[in-house]
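> following is a predicted model, sequence given first.
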Amino acid sequence: MTGKVSSMAVIGSGTMGSGITLVAAQAGLKVWQVDVKPEQLERAKAYHRKTLDRAVEKQKISRADTDAALARIAYVPSMADARGAEWVVEAATENAEVKKRIFREMQAAFPAPAVLATNTSSISITDIAAAVGADAGRVIGMHFFNPVPVMALVEVIKGLATTPETTQRTVELAKALGKTPVPANDRAGFVSNRVLMPMINEAFHAWMGGVAGPEEIDQIMKLGCNFPMGPLRLADFIGLDVCHDIMMVLHRELGEPKFFPCPLLRQLVLAGRLGDKSGRGVFEYPAK
Ligand code: NAD
């Protein structure tokens with residue numbers, strides 16, 4: 001089955017889920033934004049309103065388009081409220097057991113031919129798909145990047161059982177959302193985080209080892225490598241907890257000591273310094 005997708009449920013309304021919802025609503029889809037935490041739904045709603053208002057001020061979109069996009073989003077506490085969605089993207093916590101539990105719930109709430117996609121950064125698609133047994137063919141990795149409205153890439157990752165039809169439909173949907181889909185194989189971290197996360201982790205080691213302070217590390221990498229932002233600030237935007245969880249997956253799956261999370265990264269997470277989203281990570285974000 002191909003054809004235009006007209007509705008989507010997004011499970012998790014954190015950094016990524018809220019961005020995916022916004023992009024889908026602006027592309028004309030009806031979207032159910034699902035989260036178990038009411039405060040996260042409120043936060044997503046405020047983010048959607050603020051982002052669209054800013055686009056109106058900059059005359060990038062009309063007020064009517066903003067209102068129409070917002071009217072297409074429903075903020076709901078459970079998947080049961082999102083029944084009928086043709087497509088589901090899971091963007092919840094980066095933990096295999098949590099994701100498998102959510103996928104079993106998705107399997108029950110969204111029957112075939114709905115596609116069950118995960119935005120996981122590093123967890124095996126085949127492993128997640130195994131949780132839904134006979135429905136593994138409609139499970140796929142649809143890895144968006146942060147901030148979703150700005151970043152062009154969607155890494156598309158097939159699990160062992162993912163059907164060609166699911167893959168083709170995912171590529172089509174990514175394009176319909178204005179993104180560029182690029183395939184990667186189902187290995188921990190895929191391409192993006194296999195390469196990016198060890199660099200971020202090494203920046204924490206450089207800081208911990210006194211090679212330079214965080215400002216200097218970022219400035220050197222920005223000016224020396226022509227990066228738009230340094231690795232430590234990028235870690236703050238990704239979320240230090242998310243970076244830590246991804247390193248744990250890489251370490252467990254690939255087995256090499258180089259993937260073990262830097263102790264300083266771990267300490268910051270334990271201290272609740274999660275980055276931009278918590279107001280403080282490596283750097284401070286007083287507005288939050
Ligand atoms: P986040 O911590 O900002 O948000 C996760 C959200 O999931 C929270 O709001 C939480 O309440 C919700 N949640 C947890 N369990 C749930 C459940 N059972 N049902 C509904 N909602 C539930 O995390 P994030 O940064 O948005 O990351 C989400 C996923 O996207 C992770 O798998 C992460 O690895 C991946 N990812 C993150 C980034 C990034 O830059 N942050 C980039 C690409 C992919």
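The structure has been received and is ready for your questions.

> so where's the stretch 1-150 of the chain uncertain?
1-3 (pLDDT under 70).

> contact residues of it facing the ligand?
Within the stretch 1-150 of the chain, the positions near the ligand by CB under 6 Å from any ligand atom are 11-17, 34-37, 40, 91-94, 98, 102, 119-121, 145-146. For every residue, glycine as well, the C-beta is placed using N, CA and C.

> are any of those buried, and which?
11-17, 34-35, 40, 91-92, 94, 102, 119-121, 145-146 (16 or more other CB atoms under 10 Å).

> these in strands, which ones?
I11, V34 (DSSP state E).

> ok, now which ones touch D186?
Going by CB atoms under 8 Å, 6 or more residues apart in numbering, D186 touches S124, I125, T126, G141, I157, K158, G159, L160.

> quick one: which of those is most hemmed in?
Most neighbours among the contacts of D186, by other CB atoms under 10 Å: G141, with 27 neighbours.

> beta partners for that residue?
Residues in a beta bridge with G141, per DSSP bridges, are T118, I157.

> show me what contacts it?
Per CB under 8 Å, 6+ apart, neighbours of G141: A117, T118, N119, T120, I125, E155, V156, I157, K158, G159, D186, F190.

> ok, now H143?
Per CB under 8 Å, 6+ apart, neighbours of H143: N119, T120, S121, V154, E155, V156, I157, A184, F190, S192.

> burial check on G137, number of neighbours?
The tally of other residues near G137 (other CB under 10 Å) stands at 18.

> what about it, which SS state?
helix (DSSP: H, G, I helix; E, B strand; the rest coil).

> could you measure from it over to the ligand?
According to CB to the nearest ligand atom, to the nearest Å, G137 stands 22 Å off from the ligand.

> need the nearest residue in space to that residue, chain neighbours excluded.
Nearest residue to G137 in three dimensions, chain neighbours excluded: T163, at 4.2 Å (CB to CB, 6 or more residues apart in numbering).

> so how far is the ligand from the one you found?
As judged by CB to the nearest ligand atom, T163 and the ligand stand 23 Å apart.

> can you show me the strands along this structure?
So, for the chain - with DSSP E - the strands run 7-11, 30-34, 73-76, 87-90, 115-118, 139-144, 153-158, 180-184.

> closest to A46 out of those?
When those are ranked by distance to A46, counting by CB to CB, first place goes to strand 73-76 at 10.8 Å.

> kindly export that closest one (C-alpha atoms) in CSV.
What follows is strand 73-76, C-alpha atoms only, in CSV (Å, rounded to 0.1, in the frame of the first residue of the first chain):
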residue,chain,number,x,y,z
ILE,A,73,-2.6,18.9,16.6
ALA,A,74,-4.3,17.1,19.5
TYR,A,75,-2.4,16.8,22.8
VAL,A,76,-3.4,13.5,24.4
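
> strand partners (parallel or antiparallel) of that strand?
With DSSP bridges as the test, strand 73-76 pairs up with strand 30-34 (parallel).

> list the buried residues of the partner strand.
For strand 30-34, by 16+ other CB under 10 Å, it's K30, V31, W32, Q33, V34.

> ok, and the closest non-adjacent residue to the first one?
To tie it back to what came earlier, the one meant is K30. Using CB to CB, 6+ apart, the closest residue to K30 is S7 (4.3 Å).

> spatially central, which residue of this protein would that be?
Nearest to the geometric centre of the chain sits M16, at 4.0 Å (CA atoms, centre = their mean).

> wouldn't it be in contact with V148 here?
Yes: counting by CB atoms under 8 Å, M16 does reach V148; the two are 6.4 Å apart.

> now do the buried residues in stretch 50-60.
T51, L52, A55.
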